[in-house]
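# Give the three-dimensional model of this entry:
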Amino acid sequence: MSYEILVGLALFALVSSITPGPNNLMLMASGANFGYRKTLPHIMGVWLGFTLMIVLVGAGVVQVFDAYPVSYQVLKVLSVVYLLYLAWKIANAAPVSGSDEAVGKPFSFIQAALFQWVNPKAWSMGLTAISVYSPSHSISGVLMVALVFCASNLPCICFWTVLGQQLQSVLTSPKRLRIFNWSMAGMLVVSLYPVLRPQI
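Residues are numbered from 1 along each chain as shown. Okay, here's the model as predicted:
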């Protein structure tokens, strides 16, 4: 991989990792509701789960879509349904009256890792990165793409979690936290627009 391609890949990985999407919005909401420490399994699941996804996509998982186009449509439907369910969960994560504990619990490592496979933005990032920066799907090229995303993704998702945690000082009442959670849920639903747009 040439220096120019590597720089382009690094910029793509940074921009796509830091911009809002289902992972970042959910981590921000988790940071605000549960704090950084309790969100660590979620962070690690996103980080390692997405890195593994890049490797598997580069190794040929995408060929399943080419062989069975209906599988891609099934994946899109599952993604939309599951994200709507998560939006509902976030919207209803306000604390019980008189309690500082939020309803529900943060994502586990496994839940966050598996979520990457129904995350539209993760699929978009992975497919674009492999097709543009490792079109030959060579082992070295795929591993380089995965490594660059591995390096850039972690600080970005940590940033969103810390941002959510810092909001705890503002979200000091059940009403404010409820408004925040409903806002995050709404943004998560809006993030589905690129998936739904071709069907409109």
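# Check the chain and tell me which residue is nearest its centre.
residue 23 (2.4 Å; Cα atoms, centre = their mean).
# So which elements touch the strand or helix carrying residue 127?
Element membership for residue 127 (DSSP states H and E) is helix 120-133. Counting contacts by 3 or more Cβ pairs under 8 Å, 6 or more residues apart in numbering; DSSP states H and E, helix 120-133 packs against helix 3-18, helix 22-34, helix 36-56, helix 69-91, helix 139-166, helix 193-196. The way it works is simple: take the backbone N, C-alpha and C, and place the C-beta from them, glycine included.
# average pLDDT for it?
Taken as a whole, helix 120-133 has a mean pLDDT of 89.
# still on that earlier bit, would you mind putting the helices and strands packed on helix 120-133 into a markdown table with mean pLDDT and distance to residue 111 alongside?
As requested, the helices and strands packed on helix 120-133 are arranged in a markdown table below (pLDDT from 0 to 100; distance: least, Cβ to Cβ, whole Å):
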| stretch | mean pLDDT | distance to residue 111 |
| --- | --- | --- |
| helix 3-18 | 92 | 20 |
| helix 22-34 | 93 | 10 |
| helix 36-56 | 96 | 7 |
| helix 69-91 | 83 | 10 |
| helix 139-166 | 95 | 15 |
| helix 193-196 | 66 | 21 |
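# buried set for stretch 76-90?
76, 79, 80, 83, 86, 87, 89, 90 (16 or more other Cβ atoms under 10 Å).
# which one of those sits closest to residue 13?
residue 79 (21.7 Å; Cβ to Cβ).
# What lies in contact with stretch 170-188?
With contacts defined as Cβ atoms under 8 Å, 6 or more residues apart in numbering, stretch 170-188 is touched by 20, 22, 25-26, 28-29, 32-33, 83, 86-88, 90-95, 97, 102, 167.
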